[in-house]
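Engineer: sequence first, predicted coordinates after that:
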Amino acid sequence: MAVKKINIGLVGYQFMGKAHSNAYRQLYRFFPEVGVEPVLKVLCGRSEEKVKAAAEKFGFEDYETDYEKLCARDDIDLVDVVTPGESHVPISIAAAKAGKMGFCEKPLANTVAQAESMLAAVTEAKVPHAVCFNYRGIPALALAKRMIEDGRIGTVYHWRSVYLQDWIVDPNMPLVWRLQGDVAGSGALGDLAAHSIDLARWLVGEITEVNGMLDTFIKQRPVLAESDDRLGGKASDEMGEVTVDDSAIFTARFATGAVGTFEATRMAAGRKNHHRIEINGSKGSLVFNMERMNELEYYNTEDPGDARGFQVIQTTDSEHPYTGAYWPVGHVIGYEHTFINLMRDMLEAFTQGKPFSPDFADGLACQRVLEAVSRSAASRSWESV
Ligand code: SOE
């Protein structure tokens, strides 16, 4: 099979820049049968000194300091945006206008209007597009999807998700961009609950109505002196306002008739990346926790009474989604593989002209839920999505 090379232009080089470039580097080695080999062509960032160093570290051939120049280059096929939320719009629209395939980190934008303009741009340019809801690339969740579609838990009644982290519980944690409303759009809501919302839409269906609360416990933090690629950075002596939610909690109704609860915070001491999901149906339940991401718990009401109970499925069998490409059974995979798996599906669809989800329309749909939660927190009432 002829291998198709896709030249990548990546904008941003911190946490997500590291995750995305690693995935592009690995993809063809693990999934050669897809016949697509991403090429780390150009890394883009505003500071020449930093982007040059990052390009060398990640293995990019070249770098640019201006995204317009990146988009104008003939040797770029796909523009991948991993910058903070505020710059997703201009960069993704410039890429679409230049005819590049578009890929963007979640949440797609900071507002519904921005997400609409991004979807309009890629639709008009007729370029393929995707949003990086990487948790769809987790084998246990892809298995959950397959089991729900196969009717293994029957009609879904309940969705229950908690997404808990603790990296901002220390009040001296500086005001990184994820804590600034004008840059990130929102806090735990867009950073964490966006993932849960996307998974809920994918596994259960559209969310039609929400009722939520958004709260900020620590209202001022030290201004950031210098950021790092692990969410934090060095604090300065000056204090600044926190302009996002520390905690986002909401209940929801699905178009299917199912109901859901969502909780997201980065202030849950002891919880590191505890994204726990429970789905209850008429014939059984499924439970997933990101801190044990190779496992899926399954309860089947049809099991014999004396043996009924949750079973823990180690999703590392060759029959499980994605895992056959990696290691022998039981040799677990990790966070970085979620990006490789999602990009595998994305590049397969892009190069074969097939539809792909999650795309910018999914990003917009998630944005509508995020915005409805914010409206509901302000109005203290139910809001339709
Ligand atoms: C930080 O809260 C963060 O890195 C999110 O931005 C990611 O989307 C999530 O995958 C892990 O946590």
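Structural biologist: All right, it came through fine. Numbering: from 1, shown residues only.
Engineer: C-alpha only now, for contacts and for neighbours.
Structural biologist: Noted.
Engineer: average pLDDT for stretch 149-166?
Structural biologist: Stretch 149-166 carries an average pLDDT of 98.
Engineer: now do it: everything it contacts.
Structural biologist: Stretch 149-166 is contacted from outside by 147-148, 192-193, 196, 200, 204, 257-286, 300, using CA atoms under 8 Å, 6 or more residues apart in numbering.
Engineer: quick check on those residues: which are buried?
Structural biologist: Among the contacts of stretch 149-166, those classed as buried by 16 or more other CA atoms under 10 Å are 147-148, 192-193, 196, 200, 204, 258-268, 271-281, 284-286, 300.
Engineer: give the contact list for residue 240.
Structural biologist: Residue 240 neighbours (CA under 8 Å, 6+ apart): 175, 220-223.
Engineer: for it, list each beta-bridge partner.
Structural biologist: In this structure, residue 240 bridges to residue 221 when assessed by DSSP bridges.
Engineer: SS state for residue 321?
Structural biologist: When classified by DSSP: H, G, I helix; E, B strand; the rest coil, residue 321 comes out as coil.
Engineer: and it, how far from residue 194?
Structural biologist: Going from residue 321 to residue 194 by CA to CA, to the nearest Å gives 23 Å.
Engineer: so those two - more neighbours on which side?
Structural biologist: The neighbour comparison of residue 321 against residue 194 (other CA atoms under 10 Å) goes to residue 194, with 23 against 19.
Engineer: that one looks like it's in a strand, true?
Structural biologist: No. Per three-state DSSP, residue 194 lies outside any strand segment and is helix.
Engineer: residues in contact with the residue nearest the centre of the chain?
Structural biologist: Relative to the mean C-alpha position of the chain, the nearest C-alpha, by CA atoms, centre = their mean, is the one of residue 133, at 3.0 Å. By CA under 8 Å, 6+ apart, the residues touching residue 133 are 105-106, 195, 198, 358.
Engineer: let me have the contacts of residue 240 in TSV, extended by distance to residue 49 and neighbour count.
Structural biologist: Listed next are the contacts of residue 240 as TSV, based on distance: CA to CA, whole Å; neighbours: other CA atoms under 10 Å:
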residue	distance to residue 49	neighbour count
175	23	27
220	31	16
221	28	22
222	26	20
223	23	20
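Engineer: now intersect the contacts of stretch 149-166 with the helices, please.
Structural biologist: Judged by DSSP state H, helices contain the following of those: 147-148, 196, 200.
Engineer: pick out the most distant pair among those residues.
Structural biologist: Across these, no pair lies farther apart than 147 and 196, at 18.5 Å, counting by CA to CA.
Engineer: may I ask which helix or strand encompasses residue 330?
Structural biologist: Using DSSP states H and E, residue 330 sits within no helix or strand.
Engineer: what pLDDT is listed against it?
Structural biologist: For residue 330, the predicted pLDDT is 97.
Engineer: surely it and residue 313 touch.
Structural biologist: No. Under the criterion of CA atoms under 8 Å, residue 330 makes no contact with residue 313, lying 10.7 Å away.
Engineer: residue 219 against residue 245, yeah?
Structural biologist: No. The pair residue 219 / residue 245 is not scored as a contact, 9.5 Å apart, by CA under 8 Å.
Engineer: what about these two, which has more around it?
Structural biologist: residue 245 (26 against 14).
Engineer: name the SS class of that one, please.
Structural biologist: Residue 245 is classified as coil under three-state DSSP.
Engineer: that one: what's it in contact with?
Structural biologist: With CA under 8 Å, 6+ apart, residue 245 has these contacts: 186-189, 214-216.
Engineer: much appreciated, bye for now.
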